[in-house]
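1. Build me a model from this:
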Amino acid sequence: MAKLHIENLHVSVAGKEILKGVDLDVTEGKTMALLGPNGHGKSTLLFALMGHPNYTVTEGKVLLDGVDLLSLSVDERSKLGLFLAMQYPAEIPGVNSADFLKAAMNSHREKPMSLFQFYSKMQTAYKEMGIPFEMSTRNLNEGFSGGEKKRNEILQLKLLEPRFALLDEIDSGLDVDAIQVVSSAIREEQKKGRGFLVVSHYARLYDLISPDEVAVMINGRIAVTGGPELIQKIDTQGYEWIKTELGIPVEKEEAKVSIGVCAAKETLVK
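-> Model (predicted):
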(Lines give C-alpha, C1' and ligand atoms only; values in the text may rest on other atoms or scores of the structure.)
Protein backbone atom coordinates (compact mmCIF):
# COMPACT_ATOMS: atom_id res chain seq x y z
CA MET A 1 0.00 0.00 0.00
CA ALA A 2 1.50 3.33 -1.13
CA LYS A 3 2.35 6.03 1.37
CA LEU A 4 2.91 9.78 1.25
CA HIS A 5 5.76 10.20 3.72
CA ILE A 6 6.66 13.68 5.00
CA GLU A 7 9.74 14.02 7.20
CA ASN A 8 11.11 17.13 8.95
CA LEU A 9 9.65 19.39 6.28
CA HIS A 10 10.57 23.06 6.51
CA VAL A 11 8.95 25.53 4.11
CA SER A 12 9.36 29.29 3.70
CA VAL A 13 7.23 31.83 1.88
CA ALA A 14 8.81 35.14 0.87
CA GLY A 15 11.69 34.43 3.24
CA LYS A 16 9.48 33.66 6.25
CA GLU A 17 9.51 30.15 7.65
CA ILE A 18 5.98 28.73 7.91
CA LEU A 19 6.52 24.99 8.28
CA LYS A 20 9.07 24.19 10.96
CA GLY A 21 9.60 20.45 10.78
CA VAL A 22 6.44 18.60 9.72
CA ASP A 23 6.37 14.83 10.14
CA LEU A 24 3.33 13.07 8.70
CA ASP A 25 2.34 9.90 6.87
CA VAL A 26 -0.76 9.61 4.68
CA THR A 27 -1.60 6.08 3.56
CA GLU A 28 -3.29 5.18 0.29
CA GLY A 29 -6.87 4.13 0.96
CA LYS A 30 -7.06 6.21 4.15
CA THR A 31 -8.45 9.70 4.80
CA MET A 32 -6.62 12.07 7.13
CA ALA A 33 -8.21 15.25 8.45
CA LEU A 34 -5.75 18.12 8.91
CA LEU A 35 -6.89 20.64 11.52
CA GLY A 36 -5.38 23.71 13.09
CA PRO A 37 -5.94 27.44 13.64
CA ASN A 38 -5.73 29.83 10.69
CA GLY A 39 -2.21 30.87 9.76
CA HIS A 40 -0.42 27.83 11.18
CA GLY A 41 0.64 26.18 7.91
CA LYS A 42 -2.09 23.80 6.69
CA SER A 43 -2.46 25.30 3.22
CA THR A 44 1.29 25.89 3.04
CA LEU A 45 1.82 22.15 3.49
CA LEU A 46 -0.57 21.28 0.67
CA PHE A 47 0.89 23.82 -1.77
CA ALA A 48 4.45 22.76 -0.95
CA LEU A 49 3.59 19.12 -1.56
CA MET A 50 2.15 20.00 -4.97
CA GLY A 51 5.19 22.11 -5.87
CA HIS A 52 3.89 25.69 -5.91
CA PRO A 53 6.90 27.89 -6.83
CA ASN A 54 6.18 30.46 -4.11
CA TYR A 55 6.69 27.83 -1.40
CA THR A 56 10.37 27.07 -0.84
CA VAL A 57 11.36 23.81 0.81
CA THR A 58 14.50 24.51 2.87
CA GLU A 59 14.85 21.19 4.66
CA GLY A 60 13.30 17.74 4.90
CA LYS A 61 12.02 15.14 2.47
CA VAL A 62 8.77 13.96 0.94
CA LEU A 63 8.40 10.50 -0.56
CA LEU A 64 5.41 9.25 -2.54
CA ASP A 65 5.57 5.47 -2.66
CA GLY A 66 9.33 5.78 -2.12
CA VAL A 67 9.90 8.34 -4.89
CA ASP A 68 11.49 11.69 -3.98
CA LEU A 69 8.59 14.07 -4.60
CA LEU A 70 10.63 17.24 -4.06
CA SER A 71 12.86 16.48 -7.04
CA LEU A 72 9.88 16.42 -9.41
CA SER A 73 8.10 19.22 -11.28
CA VAL A 74 4.41 19.92 -10.67
CA ASP A 75 3.29 17.94 -13.71
CA GLU A 76 5.52 15.01 -12.73
CA ARG A 77 4.01 15.00 -9.24
CA SER A 78 0.56 14.93 -10.82
CA LYS A 79 1.49 12.03 -13.09
CA LEU A 80 2.88 10.17 -10.08
CA GLY A 81 -0.58 10.38 -8.51
CA LEU A 82 -0.84 13.61 -6.50
CA PHE A 83 -3.78 16.01 -6.84
CA LEU A 84 -4.57 19.35 -5.21
CA ALA A 85 -8.06 20.83 -4.98
CA MET A 86 -7.59 24.50 -4.19
CA GLN A 87 -9.56 26.68 -1.81
CA TYR A 88 -9.64 29.48 -4.37
CA PRO A 89 -9.55 27.94 -7.89
CA ALA A 90 -8.29 30.41 -10.46
CA GLU A 91 -10.25 31.55 -13.49
CA ILE A 92 -8.37 30.79 -16.73
CA PRO A 93 -9.64 33.02 -19.56
CA GLY A 94 -9.19 31.58 -23.04
CA VAL A 95 -8.85 27.96 -21.87
CA ASN A 96 -11.88 25.85 -22.72
CA SER A 97 -12.92 23.55 -19.87
CA ALA A 98 -13.33 20.45 -22.04
CA ASP A 99 -10.00 21.04 -23.78
CA PHE A 100 -8.29 21.47 -20.42
CA LEU A 101 -9.77 18.25 -19.04
CA LYS A 102 -8.87 16.27 -22.16
CA ALA A 103 -5.27 17.54 -22.12
CA ALA A 104 -4.94 16.78 -18.38
CA MET A 105 -6.33 13.27 -18.72
CA ASN A 106 -4.22 12.42 -21.76
CA SER A 107 -1.07 13.68 -20.03
CA HIS A 108 -1.56 10.85 -17.53
CA ARG A 109 -1.84 8.20 -20.25
CA GLU A 110 0.67 6.58 -22.57
CA LYS A 111 -1.87 6.60 -25.41
CA PRO A 112 -4.48 9.38 -25.85
CA MET A 113 -8.04 8.23 -25.28
CA SER A 114 -10.56 8.30 -28.08
CA LEU A 115 -12.94 11.23 -28.37
CA PHE A 116 -15.87 8.91 -27.60
CA GLN A 117 -14.17 7.59 -24.47
CA PHE A 118 -13.32 11.10 -23.30
CA TYR A 119 -16.84 12.47 -23.72
CA SER A 120 -18.34 9.40 -22.08
CA LYS A 121 -16.16 9.85 -18.99
CA MET A 122 -16.73 13.58 -18.93
CA GLN A 123 -20.50 13.32 -19.23
CA THR A 124 -20.61 10.82 -16.38
CA ALA A 125 -18.47 13.04 -14.14
CA TYR A 126 -20.52 16.17 -14.88
CA LYS A 127 -23.72 14.29 -14.07
CA GLU A 128 -22.33 12.92 -10.80
CA MET A 129 -21.20 16.39 -9.72
CA GLY A 130 -24.53 18.01 -10.62
CA ILE A 131 -22.88 20.36 -13.13
CA PRO A 132 -24.76 21.12 -16.38
CA PHE A 133 -22.77 19.54 -19.22
CA GLU A 134 -23.06 22.78 -21.20
CA MET A 135 -20.56 24.30 -18.77
CA SER A 136 -17.85 22.16 -20.37
CA THR A 137 -17.92 24.57 -23.31
CA ARG A 138 -17.07 27.56 -21.12
CA ASN A 139 -13.61 28.79 -20.20
CA LEU A 140 -12.14 27.13 -17.13
CA ASN A 141 -13.79 28.54 -13.98
CA GLU A 142 -14.49 31.84 -15.77
CA GLY A 143 -17.72 33.30 -14.44
CA PHE A 144 -18.31 30.26 -12.24
CA SER A 145 -19.77 30.75 -8.77
CA GLY A 146 -17.70 29.70 -5.77
CA GLY A 147 -19.72 26.50 -5.43
CA GLU A 148 -19.36 25.68 -9.12
CA LYS A 149 -15.59 26.11 -8.89
CA LYS A 150 -15.43 23.70 -5.95
CA ARG A 151 -17.56 21.11 -7.74
CA ASN A 152 -15.31 21.53 -10.75
CA GLU A 153 -12.26 20.75 -8.59
CA ILE A 154 -13.79 17.45 -7.49
CA LEU A 155 -14.82 16.73 -11.08
CA GLN A 156 -11.16 17.01 -12.04
CA LEU A 157 -10.25 14.64 -9.21
CA LYS A 158 -12.73 12.07 -10.51
CA LEU A 159 -11.36 12.28 -14.04
CA LEU A 160 -7.64 12.28 -13.15
CA GLU A 161 -7.98 9.40 -10.64
CA PRO A 162 -5.00 10.29 -8.38
CA ARG A 163 -3.61 8.05 -5.68
CA PHE A 164 -3.52 10.93 -3.17
CA ALA A 165 -5.86 13.93 -3.11
CA LEU A 166 -5.07 17.08 -1.13
CA LEU A 167 -8.28 19.04 -0.45
CA ASP A 168 -7.82 22.61 0.80
CA GLU A 169 -11.13 23.73 2.36
CA ILE A 170 -13.10 22.23 -0.52
CA ASP A 171 -16.29 22.82 1.46
CA SER A 172 -15.91 26.56 2.12
CA GLY A 173 -18.57 28.60 0.38
CA LEU A 174 -20.80 25.61 -0.36
CA ASP A 175 -24.49 25.56 0.46
CA VAL A 176 -26.17 22.53 2.04
CA ASP A 177 -27.00 20.84 -1.25
CA ALA A 178 -23.55 21.42 -2.74
CA ILE A 179 -21.73 20.04 0.30
CA GLN A 180 -23.85 16.90 0.02
CA VAL A 181 -22.83 16.49 -3.63
CA VAL A 182 -19.15 17.10 -2.90
CA SER A 183 -19.03 14.80 0.13
CA SER A 184 -20.87 12.08 -1.80
CA ALA A 185 -18.27 12.31 -4.57
CA ILE A 186 -15.45 12.11 -2.01
CA ARG A 187 -17.00 9.00 -0.45
CA GLU A 188 -17.13 7.36 -3.88
CA GLU A 189 -13.44 8.10 -4.38
CA GLN A 190 -12.64 6.77 -0.91
CA LYS A 191 -14.22 3.46 -1.93
CA LYS A 192 -11.81 3.32 -4.88
CA GLY A 193 -8.85 3.35 -2.49
CA ARG A 194 -7.61 6.92 -2.87
CA GLY A 195 -5.70 8.55 -0.05
CA PHE A 196 -6.98 11.92 1.18
CA LEU A 197 -5.46 14.76 3.20
CA VAL A 198 -8.38 17.09 3.93
CA VAL A 199 -8.23 20.59 5.42
CA SER A 200 -11.49 22.06 6.73
CA HIS A 201 -12.81 24.28 9.52
CA TYR A 202 -16.20 22.56 9.40
CA ALA A 203 -17.04 19.48 11.45
CA ARG A 204 -19.94 18.90 9.05
CA LEU A 205 -17.66 17.84 6.19
CA TYR A 206 -15.74 15.44 8.40
CA ASP A 207 -19.03 13.96 9.62
CA LEU A 208 -19.94 13.26 6.00
CA ILE A 209 -16.62 11.76 4.84
CA SER A 210 -15.59 9.94 8.05
CA PRO A 211 -11.79 10.41 8.19
CA ASP A 212 -9.70 7.53 9.53
CA GLU A 213 -7.03 9.70 11.13
CA VAL A 214 -6.65 13.25 12.40
CA ALA A 215 -3.57 15.48 12.59
CA VAL A 216 -3.49 18.88 14.28
CA MET A 217 -1.03 21.49 13.03
CA ILE A 218 0.16 24.11 15.50
CA ASN A 219 2.95 26.64 14.88
CA GLY A 220 4.02 24.97 11.65
CA ARG A 221 4.36 21.49 13.16
CA ILE A 222 2.12 18.50 13.75
CA ALA A 223 1.31 18.82 17.44
CA VAL A 224 -0.86 15.75 17.88
CA THR A 225 -2.33 12.89 15.85
CA GLY A 226 -5.15 10.54 16.66
CA GLY A 227 -8.55 9.29 15.67
CA PRO A 228 -11.80 11.08 14.75
CA GLU A 229 -12.45 11.82 18.42
CA LEU A 230 -9.99 14.73 18.09
CA ILE A 231 -12.42 16.46 15.74
CA GLN A 232 -15.15 16.45 18.38
CA LYS A 233 -12.71 17.63 21.05
CA ILE A 234 -11.61 20.60 18.95
CA ASP A 235 -15.21 21.34 17.96
CA THR A 236 -16.21 21.66 21.61
CA GLN A 237 -13.00 23.00 23.21
CA GLY A 238 -11.18 24.80 20.40
CA TYR A 239 -7.37 24.61 20.55
CA GLU A 240 -6.89 25.83 24.12
CA TRP A 241 -6.35 22.26 25.36
CA ILE A 242 -3.23 21.98 23.17
CA LYS A 243 -1.62 24.51 25.49
CA THR A 244 -3.03 23.25 28.75
CA GLU A 245 -2.66 19.50 28.16
CA LEU A 246 0.40 19.33 25.92
CA GLY A 247 2.24 22.44 27.05
CA ILE A 248 2.47 23.80 23.50
CA PRO A 249 1.82 27.56 23.28
CA VAL A 250 -0.30 28.44 20.26
CA GLU A 251 1.48 31.27 18.45
CA LYS A 252 -0.58 34.13 17.00
CA GLU A 253 -3.66 32.77 18.71
CA GLU A 254 -6.31 35.46 18.75
CA ALA A 255 -9.39 33.33 18.91
CA LYS A 256 -10.78 30.09 20.19
CA VAL A 257 -11.77 28.22 17.04
CA SER A 258 -14.61 25.77 16.79
CA ILE A 259 -14.35 23.83 13.56
CA GLY A 260 -18.12 23.68 13.50
CA VAL A 261 -18.29 27.32 12.47
CA CYS A 262 -16.61 29.53 9.94
CA ALA A 263 -13.43 31.19 11.13
CA ALA A 264 -15.22 34.51 10.74
CA LYS A 265 -17.43 33.50 13.66
CA GLU A 266 -14.62 32.63 16.06
CA THR A 267 -15.26 33.29 19.73
CA LEU A 268 -12.61 35.64 21.07
CA VAL A 269 -10.58 34.47 24.03
CA LYS A 270 -9.64 37.23 26.37
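2. Pairing partners for the helix or strand that contains V216, with directions?
-> Counting by DSSP states H and E, the element that carries V216 is strand 213-218. The pairing partners recorded for strand 213-218 under DSSP bridges are strand 31-35 (parallel), strand 221-226 (antiparallel).
3. Find the one among those strands with the highest mean neighbour count.
-> Mean neighbour count (mean count of other CB atoms under 10 Å) peaks for strand 31-35 among the strands paired with strand 213-218, with a mean of 24. No exception for glycine: its C-beta is placed from N, CA and C like everyone else's.
4. mind checking how far it is from the chain centre?
-> Offset of strand 31-35 from its chain centre (CA atoms, centre = their mean, to the nearest Å): 9 Å.
5. Could you point out the helix or strand that follows it?
-> Next along from strand 31-35, by DSSP H and E: helix 42-50.
6. Would you mind pulling the contact partners of that next one?
-> For helix 42-50, contacts defined as CB atoms under 8 Å, 6 or more residues apart in numbering pick out 4, 6, 9, 11, 13, 18-19, 22, 34-36, 54-55, 57, 62, 69, 74, 77, 82, 84, 87, 166, 168-169, 197, 199, 217, 220.
7. Which of these fall in strands?
-> Members of the contacts of helix 42-50 lying in strands (criterion: DSSP state E): 4, 6, 9, 11, 13, 18-19, 22, 34-35, 55, 57, 62, 82, 84, 166, 168, 197, 199, 217.
8. all strands for the stretch 51-200 of the chain, in order.
-> All strands of the stretch 51-200 of the chain, identified by DSSP state E, counting those that start in this stretch, fall at 55-64, 67-68, 82-85, 92-96, 139-140, 164-168, 195-199.
9. L4 and K61 touch, don't they?
-> No: the pair L4 / K61 is not scored as a contact, 11.6 Å apart, by CB atoms under 8 Å.
10. More neighbours: these two, which one.
-> Neighbours per residue, other CB atoms under 10 Å: of L4 and K61, the larger number sits with L4, 23 against 14.
11. got a list of what the residue nearest to the more buried one when sequence neighbours are not counted touches?
-> Nearest non-adjacent residue to L4, counting by CB to CB, 6 or more residues apart in numbering: V26, 4.2 Å away. With contacts defined as CB under 8 Å, 6+ apart, the neighbours of V26 are K3, L4, I6, M32, F164, G195, F196, L197.
12. Reformat these as TSV; add pLDDT and distance to Y126.
-> What follows is the contacts of V26, written out as TSV (pLDDT from 0 to 100; distance: CB to CB, whole Å):
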residue	pLDDT	distance to Y126
K3	94	32
L4	97	29
I6	98	34
M32	98	29
F164	98	24
G195	97	25
F196	98	22
L197	98	26
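13. Output these as a markdown table; include the columns distance to P132.
-> Converted to a markdown table, those look like this (distance: CB to CB, whole Å):
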| residue | distance to P132 |
| --- | --- |
| K3 | 38 |
| L4 | 35 |
| I6 | 39 |
| M32 | 33 |
| F164 | 30 |
| G195 | 31 |
| F196 | 27 |
| L197 | 30 |
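14. now, which of those residues sits nearest W241?
-> Nearest to W241 out of the contacts of V26 is M32 (CB to CB; 20.3 Å).
15. and G21, how many neighbours?
-> When counting by other CB under 10 Å, one arrives at 14 neighbours for G21.
16. What's the separation between the residue nearest to it when sequence neighbours are not counted and Y239?
-> Among residues not flanking G21 along the chain, N8 sits closest, at 5.1 Å (CB to CB, 6+ apart). Using CB to CB, to the nearest Å, we find N8 at a distance of 23 Å from Y239.
17. cool, and M113?
-> 47 Å.
18. Same question for Q180.
-> Plainly put, Q180 is 28 Å away from Y239 if you go by CB to CB.
19. Which residue of the two possesses the greater neighbour count?
-> Neighbours were counted for Q180 and for Y239 using other CB under 10 Å; Y239 has more, 24 against 13.
20. Now the phi/psi pair for the more buried one, please.
-> As for Y239, its main-chain torsions (degrees, to the nearest 10) stand at phi -110, psi 10.
21. is it true that it touches H40?
-> No: the pair Y239 / H40 is not scored as a contact, 9.2 Å apart, by CB under 8 Å.
22. Quickly list what's touching both of the two.
-> Counting by CB under 8 Å, 6+ apart, the residues touching both Y239 and H40 are I218.
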